[in-house]
Structures are given as structure tokens and as C-alpha cells.
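pasted the sequence and its predicted model underneath.
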Amino acid sequence: DATVGRDDVATGTILEHLADTSMRRGNPDAALAFYREAAEVFGARLGTTHPRYANTLNNLGNVQRERGDFSEAERLYRETVRIYATHGKRHQVARAVAAHNLGVLMIGILVLESGHPGDDAGPLLEQAADLLTRQRGSASNQAIMACQSLSEFYRITGQPDRADHFQNLARDLAFNQFIP
């Protein structure tokens, strides 16, 4: 069929672009609607365990975090991590980015609620940093961010040696981007 229909993957891609544009223009409500529609399309056409569907859920989590709906953002990030985990090494960078998003969210939620980050934020961030630091190229910026998040986590939890370790690792990763 040469026509693009409402449930075509190309339509889902267009909806994602509209969502991205909406976020850049400061309209998270419109982005939320577009990402939800894109998720419906990808889920129907590709299945709810497909990496493209997982990517859209991760983006939905980002929008929900921006809107302050932390419980929905957490649910979406956890589902994203779960889906990517079923795909093994092929999508480990995407899984690590989603785990990093979830870890940062958990730190933010728990610091707001209790003044202290939760116990599961550290392991999520460590998993993300471990996976990302083993990658090259496009994952290097995410690895730096994951290490910086871990440094902040350990600083908040009163573990300055661990905080310094991850801050130094982030600095080394940034430095190594410029040295072949």
C-alpha cells in the first residue's frame, strides 16, 4: 500500500517530530498529546516490546517529568528500561539512558519529599554509567552526564570519596573526547 495511513509507522515518526518541536517551543501539553499518539501507532504497528515504542515511552517520561507528573514519568521510565532489557546488548545504550533518566528522577522525587535520595537511585545510575562508559561515540556525552549525576548523588548522601571518584571519571571522559 503506497499511501500513508493513520496507523502507519511514518505517521508515528511525524507525530514524534511534532512532539519534539512542541517541547522546544515550550508546549509540553501538546508534546504529550503527540507522543501519546505516536506510542499508540508504534505499539499497534510494531508491538509494545519494540525499541521504537520504548524510545517513545522514554520521551513521554521526559515530558511527564517536565510537567511535574513524577509518578507517571517513573512508570514510563521503568517500562522503557524493562523493554530495552529484553533486547540485550543491541540496545544497551538506550537502556542506560532510560536508567539514567529514572535514577535522576528518583533523586529529584526523594530529595523533594524527604530531603534524601532513595536507595534505588544509586544502583540505577551506576548501571547507566557502567553501560555508557563502555561505549564509544554517541554514548560518551550520556556517560559524562551519568557520572556527574552519580557524583551529585554521592555528595547528597554524604559519600564524598565516591562523589569525587565519579566527578573525576566525568572529567576524564570529557577530556578523552578530545584526545584520539
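Looks like it arrived, so ask away.

the lowest-mean-pLDDT helix or strand in the chain: what's the following helix or strand?
Counting by mean pLDDT, DSSP states H and E, the weakest-scoring helix or strand in the chain turns out to be helix 121-133, with a mean of 72. Where DSSP states H and E defines the elements, the next helix or strand beyond helix 121-133 is helix 140-156.

send me that following helix as PDB with only the CA atoms.
The C-alpha trace of helix 140-156 is given here as PDB (Å, rounded to 0.1, in the frame of the first residue of the first chain):
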ATOM      1  CA  SER A 140      30.100   9.500  25.600                       C
ATOM      2  CA  ASN A 141      28.100  12.600  26.400                       C
ATOM      3  CA  GLN A 142      25.500  10.500  28.200                       C
ATOM      4  CA  ALA A 143      28.300   8.700  30.100                       C
ATOM      5  CA  ILE A 144      29.600  12.100  31.300                       C
ATOM      6  CA  MET A 145      26.100  13.100  32.400                       C
ATOM      7  CA  ALA A 146      25.600   9.800  34.200                       C
ATOM      8  CA  CYS A 147      28.900  10.200  36.100                       C
ATOM      9  CA  GLN A 148      28.000  13.700  37.000                       C
ATOM     10  CA  SER A 149      24.600  12.600  38.300                       C
ATOM     11  CA  LEU A 150      26.300   9.900  40.400                       C
ATOM     12  CA  SER A 151      28.800  12.400  41.800                       C
ATOM     13  CA  GLU A 152      25.800  14.600  42.900                       C
ATOM     14  CA  PHE A 153      24.000  11.500  44.300                       C
ATOM     15  CA  TYR A 154      27.000  10.600  46.400                       C
ATOM     16  CA  ARG A 155      27.600  14.100  47.500                       C
ATOM     17  CA  ILE A 156      23.900  14.400  48.700                       C
END
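
whichever helix or strand comes after it to helix 121-133, inter-axis angle?
With elements assigned by DSSP H and E, the helix or strand that comes after helix 140-156 is helix 160-178. Counting by axes from the mean of the first three to the mean of the last three C-alpha atoms, to 10 degrees, helix 160-178 lies at 20 degrees to helix 121-133.
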